[in-house]
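Student: pasted the sequence and its predicted model underneath.
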Amino acid sequence: MSTVKSEWYIVVNPHAGSGKTIAEWAKAESKLLELGIGYVTRFTERKGHAVSIVREAAADGYRRILAVGGDGSVHEVLNGIVQFCHETATPTEEFYMAVIPIGSGNDWIKSLNVPHDTEKVVSLVAKGSFRKQDVVQVALPSGTHIMANIGGVGFDSHVCVIVNALKDQGKRSRFIYVAALLKTILTLKSFDAEIVGDGKLIYSGTCYSVAFGNGKYSGGGLRQTPLSQIDDGLLDVMVVPKISLLAIAREVVKIFNGKIHKSRFIHYSQCHHLQMRPLAGSAPDLLEIDGEVIGEIPVEIKLGTEQINVLVGQIL
């Protein structure tokens, strides 16, 4: 086995942040040198590339991984780390993960109080400002993925389809989330599902949206799972049943102010093990995690005892 290295392995996504990556990376390099932090750098060349890059880095002995990019980069880096750990029986607790946020949404860092400031992030890395985060496994018939933040079915996944299409067109501002949100509301469709948490039925029937989270924020700042904690071993689940559009319009502000769990219309719960499947005879709906559409339900989401060290801005 390779000797464990003390340097940071930095994975840079040159396509993140509407072309701001190189300028922000130059700031980061300057601060890294100023603070005497050792590092090596690798640029990604395509979507999904960071997963294989990180697995190779871990095999070479790197245990400190920093992404320069958005939530998609965080998702890929985490999946690369955990894949390596599961293949080699290496404890995930050996790894430290951080991000210099340059993406459009940057939702993962909001739950961690990490500032949207390159130099401040590097200073936090130098100070060793880390805490544990639970590792969430999302199992589909086609394979298992690792979720860093929040996932969803229905409303969430269809917003992601639109957002990712706009990104593919080169649009990267926060306004793309608003545009996707409005378009999805105007074309809102329901689906039929059964949702089970820790062996107990949470909901069965027609719904518009199901969100499940280890973090609090998604979609550029929405709070669908506002009570979630990154290290409590619990997955927060929010179900929006099929209700009138007028009721949705009245309640939507609660998704922004963190009070959606108080709505009399929604079902909010917590569990260690979540299962979601289409009702008999119903079509499966799309599933997204961390802003990436990865397939359709049925799905099984598990939180075990695995944790990883993540950068935080202050004690939470």
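Tutor: Here it is on my side, so go on.
Student: which stretches in the stretch 151-300 of the chain count as helices?
Tutor: Ranges of helices within the stretch 151-300 of the chain are 155-168, 175-186, 245-251, 253-257, based on DSSP state H, counting those that start in this stretch.
Student: nearest to Ala59, of those?
Tutor: Nearest of these to Ala59, taken as C-beta to C-beta: helix 155-168 at 30.2 Å. The way it works is simple: take the backbone N, C-alpha and C, and place the C-beta from them, glycine included.
Student: and Val237, what does it touch?
Tutor: Taking C-beta atoms under 8 Å, 6 or more residues apart in numbering, we find Val237 in contact with 195, 197, 202, 210-212, 225, 267-271, 274.
Student: ok, now with 10 Å
Tutor: 195, 197, 202-203, 210-213, 224-225, 228, 267-271, 274, 276, 301 (C-beta atoms under 10 Å, 6 or more residues apart in numbering).
Student: tell me which stretches of the stretch 101-250 of the chain form strands.
Tutor: Per DSSP state E, counting those that start in this stretch, the stretch 101-250 of the chain carries strands over the ranges 130-140, 143-147, 150-154, 191-197, 200-213, 235-241.
Student: out of those, which one sits most buried?
Tutor: Comparing these on average neighbours per residue, with mean count of other C-beta atoms under 10 Å, the densest one is strand 150-154 at a mean of 28.
Student: tell me the angle of that one relative to strand 130-140?
Tutor: Interaxial angle, strand 150-154 versus strand 130-140 (axes from the mean of the first three to the mean of the last three C-alpha atoms, to 10 degrees): 30 degrees.
Student: partner strands of strand 150-154, parallel or antiparallel?
Tutor: Paired neighbours of strand 150-154 in the sheet (DSSP bridges): strand 200-213 (antiparallel), strand 286-289 (antiparallel).
Student: run through the neighbouring helices and strands of the helix or strand where Ser6 lies.
Tutor: For Ser6, the host element (DSSP states H and E) is strand 5-12. With contacts defined as 3 or more C-beta pairs under 10 Å, 6 or more residues apart in numbering; DSSP states H and E, the packing partners of strand 5-12 are helix 21-35, strand 39-43, helix 49-59, strand 62-69, helix 71-88, strand 96-101.
Student: return the set of buried residues in the shortest one.
Tutor: Right, the one you point to is strand 39-43. Residues Tyr39, Phe43 are the ones in strand 39-43 that count as buried (16 or more other C-beta atoms under 10 Å).
Student: any stretches of the stretch 51-200 of the chain with poor pLDDT?
Tutor: Along the stretch 51-200 of the chain, segments meeting pLDDT under 70 span 104, 167-178.
Student: my guess is Phe108 contacts Ile289. True?
Tutor: In this structure residue 108 is Trp, not Phe. No: in this structure, Trp108 is not within contact of Ile289 by C-beta atoms under 10 Å, at 11.7 Å.
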